[in-house]
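**Q** Sequence and predicted structure below; questions after.
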Amino acid sequence: MTTGPRLYTLIAELTYRCPLRCVYCSNPTDLAAHPDRLLTADWLRVFGEAAELGALQLNLSGGEPLLRKDLEALVEGAQKLDFYTNLITSGVPLSRERLTRLRDLGLNSVQVSIQDSDPDAADRIAGRGAFAQKLEVWGWVKELGLPLTVNMVLHRQNLSRTAAMIALAESLGADRLELANTQYLAWALLNRSSLLPSEAQLNEAREIARAAKQRLQGKIELLFVLPDYYSDRPKACMSGWGQRYLLVSPDGLALPCHLAHTLPGLQFDNVMDRSLADIWQNSAAFQAFRGQHWMPEPCQSCDRREIDFGGCRCQAFHLTGNAAVTDPACALSPQHSLITAARRAADSEQLIPLQMLYRELNPRRP
Amino acid sequence: MRLKLAPKTKLRLDPKTGKHILLYPEKGLLLNPTGTAILQLCTGEHTLSQVVTLLAGQFQALPEQLQPEVLAFAKSLLERGLLQAAP
């Protein structure tokens, strides 16, 4: 028995079901293969096991966690374990009464997504009308005194409205604003040519965000997350494989990240079969990319190997077919041309492909 | 100005380290004993100078010795929206 690193955050993806069909959804594309399998009691046991391992933060996420009828029981159970509980939601479907109950049961903060400041554009990305409902939900979150994080996913179709989106978050009284550029995995990778911005677009938005961050200091915590494709050094994905985060999928798989179950050759354990501590500390899948033993060159001798941990394993696999190579987002990667080619295409494309693949249980391939 | 912790924060003991930690969305700030004592006094009842005086009593130190550290700590938390001015 070895002792793993300290777990800080449990991400509970309660269901992959969602009323929205966002074209950049970070859920895996084989949604139907991962039905809701855990019952209320199973989730509560998992929360307890995570707390034992040291987890302090709990993200209730999905899909759309509001589709779980037992969300109240889960929030109440999390409160008993003294978690900082964050609900990550689209806000659909929700009533003021239900949100009040969740607050009273101990919910600590709410993160609501928004697709755009322009209602029509927002609904086009979400694949259904949701903008008006979201505005109403934000109002309730603030009225009920819950801390509000607004999450906006940026891409080439909305980056030009960055200033308007910041203004909207300000008018809503957001406590935290995440301007998170799309990361090109899962559904977003399928729709990359419709979503990847040009460098000029991105730089303009980044300047706007930088100025707003200064102006709003102490009022709104503003984050601008670059897309990996334009960062030249990879992000420290999940702060390293199996280092601080553990995610449980709707069907009970214990995972180091949102898409690890899309990597071939790794056997992920189910929380119905094995304790979370045993999985976290001893399972082969959590050891696979933990630390530096697996690293190829140029990572192995790189002075940034303890900063970015070689980047994102899923990005490495989905772009190169090999999860154990340096993330191609890194300019030092021998396969970085995969990224620069996509950037050049984004720079030169005059016409954005209009046909986007919406997230569905059984998608039709383009 | 009287200080209180922002609603988005939760101050709790971290059983793994025996230290207090200030939790907020996606993050946590592990506190030393002084930081913990300062934040436990930020209930909305005390001004910054009262916090310094109370802290000096707790730690048997001179207020003027503690003041720079308390000020710097409070300033950084105000800037991050983790502390607020109480109404």
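**A** Cool, got the structure. Residues are numbered from 1 along each chain as shown, chains lettered A, B, ... in the order given.

**Q** Please enumerate the strands of chain B.
**A** For chain B, the strands defined by DSSP state E cover B:2-5, B:10-14, B:19-24, B:27-30, B:43-47, B:83-85.

**Q** Mean neighbour count, those strands: which tops it?
**A** strand B:19-24 (a mean of 20; mean count of other C-beta atoms under 10 Å in any protein chain shown). (C-beta placed from N, C-alpha, C; glycine too.)

**Q** strands paired with that one, and their directions?
**A** strand B:10-14 (antiparallel), strand B:27-30 (antiparallel) (DSSP bridges).

**Q** okay, those in TSV with mean pLDDT next?
**A** Compiled in TSV, the strands paired with strand B:19-24 are given as follows (pLDDT from 0 to 100):
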stretch	mean pLDDT
strand B:10-14	97
strand B:27-30	94
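
**Q** TSV for the ones you listed, including distance to A:A209?
**A** Shown next, in TSV, are the strands paired with strand B:19-24 (distance: least, C-beta to C-beta, whole Å):
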stretch	distance to A:A209
strand B:10-14	28
strand B:27-30	19
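
**Q** Could you point out which of the ones you listed sits nearest A:A164?
**A** strand B:27-30 (27.5 Å; C-beta to C-beta).

**Q** Extract the C-alpha trace of that closest one and format it as CSV.
**A** The C-alpha coordinates for strand B:27-30 follow below in CSV (Å, rounded to 0.1, in the frame of the first residue of the first chain):
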residue,chain,number,x,y,z
LYS,B,27,-9.5,27.2,-4.5
GLY,B,28,-8.3,27.2,-0.9
LEU,B,29,-5.8,29.3,1.1
LEU,B,30,-3.9,27.3,3.8
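
**Q** chain center to that strand: distance?
**A** 13 Å (C-alpha atoms, centre = their mean, to the nearest Å).

**Q** now what about that strand, what contacts it?
**A** The contact list for strand B:27-30, computed with C-beta atoms under 8 Å, 6 or more residues apart in numbering or on different chains, reads A:Y8, A:L56, A:Q57, A:Y84, B:D14, B:T17, B:K19, B:H20, B:I21, B:L22, B:L82.

**Q** so what's the residue lying closest to A:W294 once chain neighbours are set aside up against?
**A** Take A:W294 and drop its neighbours on the chain: the residue closest to it by C-beta to C-beta, 6 or more residues apart in numbering or on different chains is A:A324, 5.8 Å away. Shown in contact with A:A324 (C-beta under 8 Å, 6+ apart): A:F289, A:W294, A:P296, A:R313, A:A316.

**Q** Would you check that the last one makes contact with A:P328?
**A** Yes. The pair A:A316 / A:P328 is scored as a contact, 6.7 Å apart, by C-beta atoms under 8 Å.

**Q** need the longest helix for chain B.
**A** Across chain B, the longest stretch assigned as helix under DSSP state H is helix B:63-79.

**Q** what angle sits between that helix and strand B:19-24?
**A** 30 degrees (axes from the mean of the first three to the mean of the last three C-alpha atoms, to 10 degrees).

**Q** Excluding sequence neighbours, find me the nearest residue to B:L39.
**A** Going by C-beta to C-beta, 6+ apart, B:L39 has B:L11 as its nearest residue, at 5.8 Å.

**Q** So for whatever residue of chain B ends up closest to chain A, what's the pLDDT?
**A** Closest contact between chain B and chain A, by C-beta to the nearest C-beta, is at B:K8 (3.4 Å). Note for B:K8: predicted pLDDT of 93.

**Q** Next, count neighbours for residue 53.
**A** With no chain named, the answer covers chain A. Neighbourhood size, A:L53 [other C-beta atoms under 10 Å in any protein chain shown]: 21.

**Q** Please refer instead to chain B.
**A** 15.

**Q** excluding its backbone neighbours, what's nearest it?
**A** Closest to B:T53 by C-beta to C-beta, 6+ apart is B:P63, at 5.6 Å.

**Q** Now A:G48: closest residue in space that isn't a chain neighbour?
**A** A:L81 (6.3 Å).

**Q** Just want to check the distance between the one you found and A:S249.
**A** 21 Å (C-beta to C-beta, to the nearest Å).
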